[in-house]
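Enquirer: this one's sequence-less:
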């Protein structure tokens with residue numbers, strides 16, 4: 001991570017949180033492309049099984065004897081509920097990918113950051129000023145510019161994506177709450193637990209034997225799941241939810257890149273305009289964080305000077 005002057009601790013935390021979220025966004029987009037590709041040949045539940053069982057195995061091997069200590073949590077109920085919500089969210093989203101374009105589903109998902117911002121005040125007690133509200137709304141407007149949803153987009157599978165967005169915002173807020181009591185590693189270990197248990201029980205009835213490509217892609221999906229969850233957890237542990245959550249919009253940019261590289265879709269002018277709006281909204285939020293931090297530092301310095309006299 002880039003170094004930041006130590007006399008700006010709040011800015012340094014915001015900067016690191018944003019970088020973690022940008023990394024998570026790239027991994028989320030990569031995960032989504034693989035999941036959509038797998039949905040052509042395998043049931044959604046089996047794709048979820050690969051997404052969850054691989055992290056369980058990888059984390060168990062990596063932590064080994066340290067695993068019981070890492071799983072010690074002050075909020076076991078909340079950890080399990082959040083793990084379950086993650087499973088529900090991905091199930092809804094992967095189901096939506098079966099019958100609607102990746103970009104449409106992704107854009108609808110970005111109602112989530114607005115809901116996180118809305119919940120960050122009553123649930124987390126974090127201040128959200130009108131300018132940051134406006135920047136988040138602008139980012140969502142950029143998503144709509146990309147998709148340009150008509151009546152067809154708001155029917156059928158779109159409701160699955162909308163449900164995924166609502167569940168996603170809830171579990172993201174839970175990450176922020178859990179970060180007050182548990183380490184990022186503890187939350188990371190719990191993340192795939194409920195999903196792995198729930199989907200493993202269904203494999204006896206829904207299993208479709210994968211070929212070599214299927215096995216490799218499911219394994220990669222699980223590894224990306226670990227990385228994206230870790231990046232998200234670290235982002236919410238490091239900086240306020242309202243600061244980092246809008247940077248998930250970067251997933252839309254990567255979706256456009258993948259659409260061209262994997263599926264041969266060439267972004268049109270509207271897609272480029274929407275991406276520019278999304279980037280601008282995220283940069284403006286970071287700019288506001290810099291101004292707030294400088295103001296807070298100046299106030300603290302003035303107070304300390306006055307008290308020393």
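Expert: Done, it's in. The shown structure was predicted, so the numbers you read here are calculated from the model rather than taken from an experiment. Numbers count the residues shown, from 1 in each chain.
Enquirer: going forward, measure contacts and count neighbours with C-alpha atoms only.
Expert: Will do.
Enquirer: Tell me where the stretch 101-250 of the chain has strands.
Expert: Counting by DSSP state E, counting those that start in this stretch, the stretch 101-250 of the chain has no strands at all.
Enquirer: where are the low-confidence patches of it?
Expert: Residues of the stretch 101-250 of the chain meeting the criterion pLDDT under 70: 113-114, 118, 120-126, 146-156.
Enquirer: ok, residue 163 - contacts?
Expert: 89, 92 (CA atoms under 8 Å, 6 or more residues apart in numbering).
Enquirer: Relative to residue 26, how far out is it?
Expert: For residue 163, the distance to residue 26 (CA to CA, to the nearest Å) stands at 22 Å.
Enquirer: again, but for residue 140
Expert: With distances taken as CA to CA, residue 140 is found 18 Å from residue 26.
Enquirer: same deal with residue 94?
Expert: Residue 94 sits 17 Å away from residue 26, taking CA to CA as the criterion.
Enquirer: out of those two, which sits in the busier spot?
Expert: Here residue 94 and residue 26 are compared on neighbour count by other CA atoms under 10 Å; more neighbours surround residue 94, at 25 against 20.
Enquirer: the helices in the stretch 1-150 of the chain, which residues?
Expert: The residue ranges that make up the helices of the stretch 1-150 of the chain, judged by DSSP state H, counting those that start in this stretch, are 9-38, 44-63, 67-71, 76-97, 102-109, 112-120, 130-147.
Enquirer: The first one - contacts with which helices or strands?
Expert: Spelled out, that is helix 9-38. If contacts are counted by 3 or more CA pairs under 8 Å, 6 or more residues apart in numbering; DSSP states H and E, helix 9-38 sits against helix 76-97, helix 102-109, helix 212-238, helix 241-244, helix 250-263, helix 269-308.
Enquirer: what does the third one give?
Expert: Under the contact criterion of 3+ CA pairs under 8 Å, 6+ apart, the helices and strands touching helix 67-71 comprise helix 184-190.
Enquirer: Show residues contacting the helix it packs on.
Expert: Applying CA under 8 Å, 6+ apart, the set of residues contacting helix 184-190 from outside is 56, 59, 70-73, 79-80, 83, 175, 178, 226, 229-230, 233-234, 237.
Enquirer: Counting neighbours, what do you get for residue 108?
Expert: 24.
Enquirer: In this structure it contacts residue 158, no?
Expert: Yes. Using CA atoms under 8 Å, residue 108 is in contact with residue 158, at 7.4 Å.
Enquirer: Test my guess that residue 232 contacts residue 16.
Expert: No. Using CA under 8 Å, residue 232 is not in contact with residue 16, being 11.6 Å away.
Enquirer: between those two, who's got more neighbours?
Expert: Neighbour totals were compared for residue 232 and residue 16, and residue 232 leads with 28 against 20 (other CA under 10 Å).
Enquirer: show me the contacts for the more buried one.
Expert: The contact partners of residue 232, by CA under 8 Å, 6+ apart, come to 20, 21, 24.
Enquirer: Report the separation between it and residue 247.
Expert: Looking at residue 232 against residue 247, where the rule is CA to CA, the gap reads 11 Å.
Enquirer: what's the overlap in contacts for the two?
Expert: residue 21.
Enquirer: The helices and strands packed on helix 9-38 into CSV, with extra columns for distance to residue 10?
Expert: Shown next, in CSV, are the helices and strands packed on helix 9-38 (distance: least, CA to CA, whole Å):
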stretch, distance to residue 10
helix 76-97, 27
helix 102-109, 29
helix 212-238, 10
helix 241-244, 11
helix 250-263, 23
helix 269-308, 6
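Enquirer: Residue 128 is nearest to which of the ones you listed?
Expert: Residue 128 lies closest to helix 241-244 among these, at 6.9 Å (CA to CA).
Enquirer: From the chain's centroid, how far away is that closest one?
Expert: Taking CA atoms, centre = their mean, to the nearest Å, the mean C-alpha location of helix 241-244 is offset from the chain mean by 12 Å.
Enquirer: same deal with stretch 234-253?
Expert: Its chain's C-alpha centre and that of stretch 234-253 lie 7 Å apart, by CA atoms, centre = their mean.
Enquirer: can you give me the end-to-end distance of that stretch?
Expert: Separation of the first and last residues of stretch 234-253 by CA to CA is 22 Å.
Enquirer: How much space separates residue 117 from residue 133?
Expert: In this view, residue 117 and residue 133 are 8 Å apart by CA to CA.
Enquirer: Counting neighbours, go ahead and name the busier of these two.
Expert: Under the neighbour definition other CA under 10 Å, residue 117 and residue 133 were set side by side, and residue 117 has more, 26 against 16.
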